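Asks: coordinates only, no sequence provided:
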């Protein structure tokens, strides 16, 4: 809630209300909020000595109720931008200005909150004509001041019920900054702690655009009794002419979503780490400038072991990106982290961005953070992510979901991802289109029959691939070893490299035989080659080989899942269509040669293998 009724409609206001794109709107939507408290923010002065300052201060400018106008036009309601509330509150600060509110963290049921807000609006509407009369007679509004006092007393009483209702997760502060420069925010909360005074301070930086801050309730409770009266002040550094939209400024409980059911044991592919009080003790921005924090005991060894196991590492931290990078570089661990997200957005948004850049499913992520609020925020938005309290970090290597990949290629996985990022940077800086850029990469592929030495790598491909996996069949180690020696199957392993580096072994294919034709039983590729048409080029090459050596029919197994749509799209590009008489089987009719993918150079060992189509 905000004191919109005190805005001055006679003062011209800017009408360039910014909007949020649909993805951001969905990310910050109302479905993540279970309940909230009523906090009524009003316009105040940082140096107020009411009422004497009304006569002595040269900055005093009366608003309709006689209080001092410290914002350019007061606080006015805007329909855009908005997040989970139906509106945002636009404020343009002047010298010595701040937002102030009677504190309240009590989580009343949503229906009661709505009723109180409606009653408050009705009280203001009813007071307007009487206020007009008071102003005519006394030269100043009076009833509006009474209504303000009643509203604060009501909120004060509700706040005293704090312990009788569910505890909030924390204060959710969401700010849209339409300026081109960041705005430094400062929150000061004054109250009591036992028989003594209590005080809580917080600082953050709202970058241009939308920024979300989550301040855990435990931080407040460590310094304040929240069932006793407390006041909240929110100010901006160098405030004059700073304009901000407040989309949220209240205590909330986050919605809980049940974690999705999984088939079989979970396998973590990427661990995302918070920084402050997780990798090190303390808060980076509160330390001595230039001082390097001390990494927690045993963490370096854990990072090295995860790296050896092929488990990727990243960072999601609300911090200064420059300061955090300098600290991580000084500790010698910056290069361990892929696609680090260091900013003030929600941790769930950071993890989604990391997953997008690494092209990994969110159910393969674990998130380590010391704050329950941050873990709950991620749980509400991304229930498939495994959440780890920071104090449990030393036990991660013993947990089965962090077993990783013991193969030689697993140990080089991070380097492969870093090489891929170099490719992406090169493509972004190139003036060429995507297909033209791929043609310059000199992509080289080798297809060969595997031996026992490659069973561990094949097993890793079998267990890890999802998006580019046509049958999604999982083989255990002994089944994989038996498969490559099965005389009724042809098995192939695929490796790849280009001008930027070696992709390693990226694919595994099994071929069965039927009625003078072939059945592609398995075709699975690592997502690291996704989008480059390497999978399509390899399968077209194998199909053409079997057609040239006697095959007259082409079929492939395809079991659609929630994750393997890209595999289905690849088969469709090659010309496979559903067979009405056979469930989960696609076919190419007529069985004719497939077009080669020109930017992929393929070498095979088909000449050293047995006849293509057994008779």
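Replies: That came in fine, so what should we check first? Keep in mind the model is a prediction, meaning the values are calculated, not measured.
Asks: for the nearest residue to residue 31 once chain neighbours are set aside, which residues are in contact?
Replies: Leaving aside its chain neighbours, residue 31 sits nearest to residue 255 (6.3 Å; criterion: CB to CB, 6 or more residues apart in numbering). For every residue, glycine as well, the C-beta is placed using N, CA and C. With contact taken as CB atoms under 8 Å, 6 or more residues apart in numbering, residue 255 is in contact with 31-34, 380.
Asks: and the helices in the stretch 451-600 of the chain, which stretches?
Replies: 455-464, 477-484, 534-548, 565-574 (DSSP state H, counting those that start in this stretch).
Asks: hmm, I typed the wrong one, I wanted the stretch 201-350 of the chain.
Replies: With DSSP H, counting those that start in this stretch as the criterion, the stretch 201-350 of the chain has helices spanning 217-221, 299-308, 321-330, 347-358.
Asks: tell me the mean pLDDT over the last one?
Replies: Within the predicted structure, the mean pLDDT of helix 347-358 is 88.
Asks: same for it, what does it pack against?
Replies: helix 22-27, strand 270-273, strand 312-317, strand 341-342, strand 365-369, helix 372-381 (3 or more CB pairs under 8 Å, 6 or more residues apart in numbering; DSSP states H and E).
Asks: at 7 Å what do you get?
Replies: Contact partners of helix 347-358 among helices and strands, from 3 or more CB pairs under 7 Å, 6 or more residues apart in numbering; DSSP states H and E: strand 270-273, strand 312-317, strand 341-342, strand 365-369, helix 372-381.
Asks: wouldn't residue 468 be in contact with residue 528 here?
Replies: No - counting by CB atoms under 7 Å, residue 468 sits too far from residue 528 to count as a contact (10.0 Å).
Asks: neighbours of residue 314, how many?
Replies: Close neighbours of residue 314, defined as other CB atoms under 10 Å, add up to 23.
Asks: so what's it bridging to?
Replies: In this structure, residue 314 has beta-bridge partners residue 272, where bridges are defined by DSSP bridges.
Asks: so how far is residue 457 from it?
Replies: Noted for residue 314: a distance of 24 Å to residue 457, by CB to CB, to the nearest Å.
Asks: if we can go back for a sec, how about the helices of the stretch 201-350 of the chain, which one is nearest residue 450?
Replies: With CB to CB as the measure, helix 299-308 is the member of the helices of the stretch 201-350 of the chain nearest residue 450 (23.2 Å).
Asks: packing partners for the closest one?
Replies: The elements that helix 299-308 packs onto, with contact taken as 3+ CB pairs under 7 Å, 6+ apart, do not include any helix or strand.
Asks: more crowded one of residue 468 and residue 528?
Replies: Neighbour totals were compared for residue 468 and residue 528, and residue 468 leads with 23 against 20 (other CB under 10 Å).
Asks: what residues does that one make contact with?
Replies: Under the criterion of CB atoms under 7 Å, 6 or more residues apart in numbering, the contact list for residue 468 reads 524-525, 527, 530, 535, 566-567, 570.
Asks: just residue 71 next, same as before
Replies: Shown here is residue 71, whose contacts under the criterion CB under 7 Å, 6+ apart are 43, 91-94, 97.
Asks: for it, list each beta-bridge partner.
Replies: residue 93.
Asks: could you check how far it is from residue 148?
Replies: The span separating residue 71 from residue 148 equals 16 Å under the rule CB to CB.
Asks: residue 116: neighbouring residues, count only.
Replies: As a burial measure, residue 116 scores 17 neighbours (other CB under 10 Å).
Asks: I should have written residue 232 there, sorry.
Replies: 21.
Asks: separation between residue 437 and residue 328?
Replies: Computed as CB to CB, the residue 437 to residue 328 distance reads 31 Å.
Asks: same thing with residue 244?
Replies: Plainly put, residue 244 is 31 Å away from residue 328 if you go by CB to CB.
Asks: before we move on, what about residue 21?
Replies: Counting by CB to CB - residue 21 and residue 328 are separated by 31 Å.
Asks: between those two, who's got more neighbours?
Replies: Taking residue 21 and residue 328 together and counting by other CB under 10 Å, residue 328 has the greater number of neighbours (23 against 9).
Asks: how near is the closest residue to that one other than its chain neighbours to residue 320?
Replies: Nearest-residue entry for residue 328: residue 334, 4.2 Å, with adjacent residues in sequence omitted and distances by CB to CB, 6+ apart. Here the distance between residue 334 and residue 320 works out to 15 Å (CB to CB).
Asks: residue 34 too?
Replies: The value you get for residue 34 to residue 320, if CB to CB is used, is 31 Å.
Asks: next one: residue 310
Replies: 31 Å.
Asks: again with residue 147
Replies: According to CB to CB, residue 147 and residue 320 sit 43 Å apart.
Asks: between those two, tell me which one has more neighbours.
Replies: Taking neighbours as other CB under 10 Å, residue 147 and residue 320 compare with residue 147 leading, 19 against 16.
Asks: per-residue confidence at that one?
Replies: The score at residue 147 is 72. That number is its pLDDT.
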